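# Quick check, what structure comes out for this input:
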Amino acid sequence: MDPDHVGNADPVQINNASYQCFILNITSYNGIWQGDNPFTESLPLFITQLAVILTLTRFLYHLLKPLHQPRIISDLLGGILLGQSALGKTIYFAELFPTKNIITVETLAYMALVFHMFLVGLDFDLSCIERISKKAIAFTVTGIFVPFTLGIAFFYLLHAYWERDGLQNYEVNVQGSFLWAAAVAVTSFPVVSRILSDLDVLHSDIGRMAMPIALISDLGSCILIILVIPFCANPINAPYVITTTTAYLLASFYTLRPLLAWIIRRTSEGEESSYSDFYLCFVLVGVVLSAFITDVTGTHSMVGAFVFGLITPDEIALVLMDRFDYFVSGLMMPLFFAVTGIRVDIFKITEWGVVLVIVLMLCVVKIICFLPISYVCEVGLKHSFALGLLMTTKGVWAILMLHTGLEKGVLHEDDYAVMMITILLMTSIVAPTLASIYKRTNLSPEINCRTIQQAKPEAELRILACIYSFCNVPGILKLLDVSHATRQSGLAVFTLHLGELTCRASAMLIVHDSDSQRFDDSVYHPDHGDSLETDQIVNAFREYESRTRYVTIQSLTAVSPFVAIHEDICSLAEDKNVAFLILPFHKCSTTKGNPQKRSDAFRSINEKVLLNAPCSVGIFVGRGLEEATGGAKLRNYGVFHHIVMVFLGGPDDCEALAYAWRMAGKPGVRLKVIRLLEIETVDIVNSKTSMQSSTSYLDRQRQIDDDYINEFRLRTVAQELIVYEEKILQNGQELVVAIKELENQFDLFVVGRREGLESRLTTDLLNWVDCPELGVLGDLLATSDSTMSSVLVVQQFTDTGNSPAIEDLVGTPRPWSSMEGRAMEFGSRRLSTASSTWSGRSARQTRRIHDDDYDDDDGW
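Numbering: from 1, shown residues only. All right, here's what the predicted structure looks like:
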């Protein structure tokens with residue numbers, strides 16, 4: 001045939017079957033200048049197909065994002081729109097996906113699926129399985145077995161209905177019913193974590209309960225693939241297929257996995273930068289070979305890729321994900337979902353009412369089968385309903401089963417279309433339904449519960465105290481002790497020891513001696529930090545709680561990469577409804593009061609928390625205790641007896657005064673409040689933080705300051721241990737002198753950060769500030785070498801976001817809410833960070849109590 005007339009050959013008849021031949025060129029060498037149509041060649045056509053698929057699916061994703069829809073919904077919907085159900089009926093889109101080219105697209109789509117399943121396996125942290133309780137396993141087994149059994153019944157009932165109405169002209173088989181039921185029973189762990197993250201309930205009780213169940217369900221999906229697919233392909237040979245596949249899996253875990261770890265350790269220096277391209281190429285070849293082996297044994301190539309991801313050594317896992325995740329999951333996987341959607345012809349569905357009934361029944365089955373176990377485990381009805389609904393989410397495993405059934409001929413086009421639409425609807429209704437249940441009821445407390453100043457006097461004060469190391473404990477204990485817990489207003493303290501994730505083990509938040517409901521047993525992993533130091537910290541606070549009245553302490557340990565750990569802190573503060581968050585200063589002072597630099601990472605954490613915290617924040621600079629106590633038990637950690645609060649004005653100073661006022665209620669504590677005034681009090685407002693008129697804003701703020709000071713003086717006039725004083729200053733030099741005169745006269749300075757507010761007293765000192773997170777006064781006190789006094793710098797929470805009603809309506813997150821990027825969900829080995837340096841990476845999903853500035857829209 002003339003190569004200039006490349007195209008479809010005439011159909012020929014061979015053995016009464018119709019065949020159509022194609023002559024395919026990869027690319028066009030002469031292009032449009034010789035009148036060639038580039039879309040008749042494979043490469044230009046494929047590039048166009050990929051561009052159309054990515055553009056359409058991305059558009060749909062951002063369109064559906066306010067509804068918290070996971071990425072799989074937009075990709076499947078995009079494929080359906082490109083297929084015979086919609087755009088495929090037009091001439092242009094029909095020519096865009098011609099028969100001669102669909103093989104190329106499907107081949108690349110399945111190759112993308114192989115590497116995607118490798119990344120999914122790479123993301124799993126199998127070490128967390130031993131921490132999952134029997135209750136979670138009971139939920140999982142029930143959530144798989146009952147829907148699987150009823151799925152078979154639904155399959156036969158549906159076909160009996162079609163046969164009665166004359167809509168079916170073929171016989172059903174057992175293999176088809178098994179694949180149908182397996183697709184119904186499985187749950188997608190990545191999709192569940194994505195939905196929980198988008199709804200900002202990953203750290204809540206429902207998040208902690210759902211993640212272990214989803215993890216085991218996802219692993220159960222792999223087991224179903226191993227069991228069901230061989231049976232559907234050839235029931236006679238199925239035992240041999242299952243046996244050889246099981247043997248390969250055992251060999252992979254007990255032989256190949258240690259061998260790979262030994263090779264990596266012996267040939268590298270252990271640093272990410274030391275892994276050359278040879279390692280990456282070696283692993284990718286291993287993925288292909290593993291996929292080939294399981295395909296040859298008769299299971300599926302996806303199983304081999306998934307298992308190879310599970311056995312890949314921790315040392316190289318993060319490097320692989322960082323390099324390949326976005327390309328595979330973000331760019332290539334839409335091809336697979338598009339091919340899946342293109343195969344769907346909704347016009348094959350003649351009874352849409354039946355589809356809706358199936359969707360309803362399958363959702364109800366999951367929900368109902370969880371009720372008895374929820375009753376036994378004392379899980380509330382709302383959580384039980386949410387768990388059942390979450391377990392109806394589907395992902396790659398379910399689609400893979402339907403694909404296999406269609407290719408093996410055990411499922412027909414109408415079965416495939418009905419089930420794909422069912423998966424689409426079931427997964428899409430989960431997020432909006434959960435949002436209606438949890439979004440309104442789980443809104444963060446009102447502003448008066450997130451600041452000390454506006455808290456009710458008889459209400460419990462909830463405090464989150466972060467601990468970087470044991471040297472922070474004495475100062476935090478002194479601060480808690482002086483916070484004056486009473487019968488009417490006790491203290492609920494949550495201590496959070498922060499540890500850096502430096503290995504591939506799963507990031508987590510461990511709850512020590514917690515009575516909260518969760519299905520994962522806390523077992524401290526040796527790779528999650530210094531367990532000895534953690535024990536010392538927990539024991540110190542436990543001892544303090546045992547001998548202090550009206551104080552309850554819950555100790556927690558968060559292990560996460562420091563670049564994202566501020567999100568854990570803010571999310572925990574939001575989840576626990578705390579009013580005050582205490583952060584240690586990033587420099588650890590010695591007994592002589594000299595600040596010693598510890599880590600720039602701690603300073604970065606403090607800055608990010610100040611920016612995103614859902615409550616008031618205090619940075620505590622403790623002096624004279626840390627080095628002296630060392631690792632000894634803390635019994636005589638001392639008490640703050642003399643406290644001074646320096647008041648310049650503004651919301652932060654009002655919050656600082658409110659906290660100092662509460663401290664003054666403790667017997668034996670003396671408080672002195674010093675208000676510094678200018679001769680001409682003309683503050684200016686930082687233009688970066690306000691668009692209002694400086695005069696009008698400062699007049700209102702000055703009035704608020706005066707009212708609060710007058711209230712304080714009126715209510716403390718009869719208290720001998722509380723002294724109020726005013727000083728009039730002219731400039732910053734006099735301010736420095738006034739502060740120097742106060743040094744070493746008091747045990748504790750309490751000041752406001754005053755972010756965004758400047759005055760004549762502080763403007764001249766701005767250029768000399770070393771630590772802007774402390775403000776002018778805080779920096780002046782913290783960096784002084786001539787004082788032994790501790791310092792507490794307070795920032796008041798101010799809500800500048802949308803109202804809850806608007807947020808519920810349009811799904812707009814509050815500024816302090818981490819709705820965009822997520823953290824680590826239970827069972828994952830990779831991290832999801834909010835830093836721009838990690839932007840675009842898939843969330844390594846997991847924590848025990850869970851967590852964007854980074855958009856993880858490429859995870860399934």
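# Quick one: name whatever helix or strand follows the helix or strand harbouring residue 703.
Per DSSP states H and E: residue 703 is located in helix 694-715. Later in the chain than helix 694-715, the nearest helix or strand by DSSP H and E is strand 722-729.
# Which neighbouring elements make contact with that following strand?
Contact here means 3 or more C-beta pairs under 8 Å, 6 or more residues apart in numbering; DSSP states H and E; on that basis strand 722-729 packs against strand 670-678, helix 732-742. No exception for glycine: its C-beta is placed from N, CA and C like everyone else's.
# Can you list the strands that the shortest one pairs with?
This means strand 670-678. strand 642-647 (parallel), strand 722-729 (parallel) (DSSP bridges).
# tilt between that strand and helix 732-742?
170 degrees (axes from the mean of the first three to the mean of the last three C-alpha atoms, to 10 degrees).
# what about strand 670-678, average pLDDT?
For strand 670-678, the mean per-residue pLDDT is 90.
# Quick check, residue 668 in contact with residue 641.
Yes: at 6.2 Å, residue 668 and residue 641 qualify as touching, with contact defined as C-beta atoms under 8 Å.
# Those two: who's more crowded?
residue 641 (14 against 9; other C-beta atoms under 10 Å).
# List the contacts of that one.
668, 669, 670, 747 (C-beta atoms under 8 Å, 6 or more residues apart in numbering).
# mind listing the strands in the stretch 451-600 of the chain by residue range?
Assigned by DSSP state E, counting those that start in this stretch, the strands in the stretch 451-600 of the chain fall at 461-467, 491-500, 508-512, 551-560, 580-584, 587-589, 595-597.
# Where in this protein is the helix or strand with the lowest mean pLDDT?
Using mean pLDDT, DSSP states H and E, the weakest-scoring helix or strand in the chain turns out to be helix 804-810, at a mean of 30.
# Quick one: name whatever helix or strand follows the lengthiest helix in the chain.
Counting by DSSP state H, the longest helix found in the chain is helix 134-164. Using DSSP H and E, the helix or strand that follows helix 134-164 in sequence is helix 174-185.
# for that following helix, the distance to its chain's centre please.
32 Å (C-alpha atoms, centre = their mean, to the nearest Å).
# Now do it, average pLDDT.
83.
# Throw the contacts of residue 641 into TSV and include distance to residue 660, thanks.
Output for the contacts of residue 641, formatted as TSV (distance: C-beta to C-beta, whole Å):
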residue	distance to residue 660
668	15
669	10
670	11
747	12
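# for stretch 726-737, the distance to its chain's centre please.
Using C-alpha atoms, centre = their mean, the offset of stretch 726-737 from its chain centre is 48 Å.
# Show me what counts as buried in it.
729, 732, 735, 736 (16 or more other C-beta atoms under 10 Å).
# Quick check: buried residues in stretch 152-162?
Neighbour counts over stretch 152-162 (16+ other C-beta under 10 Å) mark 152, 154, 155, 158, 159, 162 as buried.
# and the longest helix of the chain, how far from the chain's centre?
Distance of helix 134-164 from the chain centroid (C-alpha atoms, centre = their mean) equals 31 Å.
# For it, name the packing helices and strands.
Against helix 134-164 (3+ C-beta pairs under 8 Å, 6+ apart) you get helix 174-185, helix 205-233, helix 352-376.
# Nearest approach to residue 359 belongs to which of the strands of the stretch 451-600 of the chain?
strand 508-512 (35.0 Å; C-beta to C-beta).
# Check which helices and strands that closest one sits against.
Strand 508-512 packs on strand 551-560, going by 3+ C-beta pairs under 8 Å, 6+ apart.
# Which of the residues in the strand it packs on are classified as buried?
Result for strand 551-560 [16+ other C-beta under 10 Å]: buried residues 551, 553, 554, 555, 556, 557, 558, 559, 560.
# Out of the strands of the stretch 451-600 of the chain, which is closest to residue 196?
strand 508-512 (14.6 Å).
# For that closest one, buried residues please.
Of all the residues in strand 508-512, those buried under the rule 16+ other C-beta under 10 Å are 508, 509, 510, 511, 512.
# what number of residues lie near residue 190?
26.
# quick revisit: okay, the strands paired with strand 670-678, which one's buried deepest?
strand 642-647 (a mean of 23; mean count of other C-beta atoms under 10 Å).
# Tell me the helix or strand right after it.
Going down the chain from strand 642-647, the next helix or strand is helix 651-663, by DSSP H and E.
# Tell me how far that following helix lies from the chain's centre.
On C-alpha atoms, centre = their mean, the centre of helix 651-663 falls 34 Å from that of its chain.
# Against which helices or strands is it packed?
Helix 651-663 packs on strand 642-647, strand 670-678, helix 694-715, strand 748-752, strand 790-795, going by 3+ C-beta pairs under 8 Å, 6+ apart.
# Cheers, nothing more for now.
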